[in-house]
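1. below are the sequence and a predicted model for it; my questions follow.
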Amino acid sequence: MRRAGRRFGWAAWLMVGAGLVVLIVGVYFLLPWLRTGGARMLRLRQWFSDPTAHPEWSIRAGERCGEVPFLLPTDGYVGFTWGDSFRPGHSHQGIDIFGGVEAGLTPVVAAYSGYLTRQPEWKSSLIMRVPSDPLAPGRQIWTYYTHLADIGGNSYISPLFPPGTREQYVEAGTFLGYQGNYSGDPNNPTGVHLHFSIVLDDGQGSFRNELRIANTLDPSPYLGLPLNASTDPGALAVCGQ
Ligand SMILES: [Zn+2]
């Protein structure tokens, strides 16, 4: 009996240990998701229900928030920031700005001067090469804009930048197109927004894979807004905060 009791003791401890590991792993993956699910998520729902009720939550295209290099690229509420998590284990590599109106109405402008490329197959995306990072001179970076198409992939990008455009010089503040809701899946469109990110160079004159947060930069110091989900969780990203 004593032996059996001791064996049961070991099994119990083993189960407690396994439970703890599951708990720690769960918290590790869930925490960023839970943080996002807080203040900003609540505000996003309120913004969607009536954007006109909260003009103070909106940023404005072409505005500059203090002594920073970039202009704000569009109008709307910054619903998701850099490092936010939409599902456990995922980190958002840019910022999402929700205009609060239907697709094809909210203008998007260039945040910084650069050389615009639109690959032949890109319906909703643009990327601009910035030869010298204004915050790290000498380093080449890229600014990326996406979701500029409707649910069916009809582009809202300015006709000045047709598919296949390469290395076209564009000044900061230039109109690029309108916010859209294209996701690639007509049955599951995104909310109408602009996704904007700053992408690292691959060292061979091209951009790295934008989908990985490690290949992108925290846009906060470029735009003068609290856009880092780790250091500014739940912050309202508007000028002068
Ligand atoms: Zn996004």
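-> Received, thanks.

2. per-residue confidence at the residue of the chain found nearest the ion?
-> Proximity of the chain to the ion (CB to the ion) peaks at H195, 3.4 Å away. In short, each C-beta sits where N, CA and C put it, glycine included. pLDDT recorded at H195 is 98.

3. tell me if it really is in a helix.
-> No: judged by DSSP: H, G, I helix; E, B strand; the rest coil, H195 forms no part of a helix; its state is strand.

4. for F196, see how far away the nearest residue to it once chain neighbours are set aside is.
-> Nearest non-adjacent residue to H195, counting by CB to CB, 6 or more residues apart in numbering: T146, 4.7 Å away. Using CB to CB, to the nearest Å, T146 is found at 8 Å from F196.

5. before we move on, what about T165?
-> 18 Å.

6. give me the phi and psi for Y178.
-> The phi/psi pair for Y178 (degrees, to the nearest 10) reads phi -120, psi 150.

7. isn't it up against A103?
-> Yes: using CB atoms under 8 Å, Y178 is in contact with A103, at 7.3 Å.

8. any residues in contact with both of these two?
-> By the contact definition CB atoms under 8 Å, 6 or more residues apart in numbering, Y178 and A103 are jointly contacted by Y156.

9. pretty sure F48 belongs to a helix, no?
-> Yes: looking at F48 with three-state DSSP, it is inside a helix.

10. let me see the contact set for it.
-> F48 neighbours (CB under 8 Å, 6+ apart): F98, G100, G191.

11. 6 Å instead?
-> Applying CB atoms under 6 Å, 6 or more residues apart in numbering to F48 gives no contacts.

12. also the one 3 residues further on?
-> With contacts defined as CB under 6 Å, 6+ apart, the neighbours of P51 are G100.

13. any stretches of the protein with poor pLDDT?
-> Across the chain, the ranges flagged by pLDDT under 70 are 1-8, 27-38, 241.

14. and it, which of its residues are near the ion?
-> G94, D96, H195 (CB under 5 Å from the ion).

15. which element is G62 on?
-> Under DSSP states H and E, no helix or strand contains G62.

16. show me the helices in this protein, by range?
-> 2-36, 39-49, 220-223 (DSSP state H).

17. would you mark the buried spots in the second one?
-> Pointing back at helix 39-49 there. R40, M41, R43, L44, W47 (16 or more other CB atoms under 10 Å).

18. of those residues, closest to W10?
-> Relative to W10, the closest of the buried residues of helix 39-49 is M41; by CB to CB it sits at 43.6 Å.

19. run a quick neighbour tally on the closest residue to T106 other than its chain neighbours.
-> Nearest residue to T106 in three dimensions, chain neighbours excluded: G99, at 3.2 Å (CB to CB, 6+ apart). By other CB atoms under 10 Å, the residues close to G99 number 25.

20. thought G99 was touching G76?
-> Yes: with contact defined as CB atoms under 6 Å, G99 reaches G76; the gap is 4.1 Å.

21. what bridges to the residue of the chain closest to the ion?
-> When assigned by DSSP bridges, H195 has beta-bridge partners D96, T146.

22. repeat that for G76.
-> With DSSP bridges as the rule, G76 is bridged to I59.

23. ok, it - contacts?
-> Neighbours of G76 in contact, by CB under 6 Å, 6+ apart: S58, I97, F98, G99, G100.

24. and the second one, what does it touch?
-> Which is I97. Contacts of I97 by CB under 6 Å, 6+ apart are T74, G76, V78, H193, L194.
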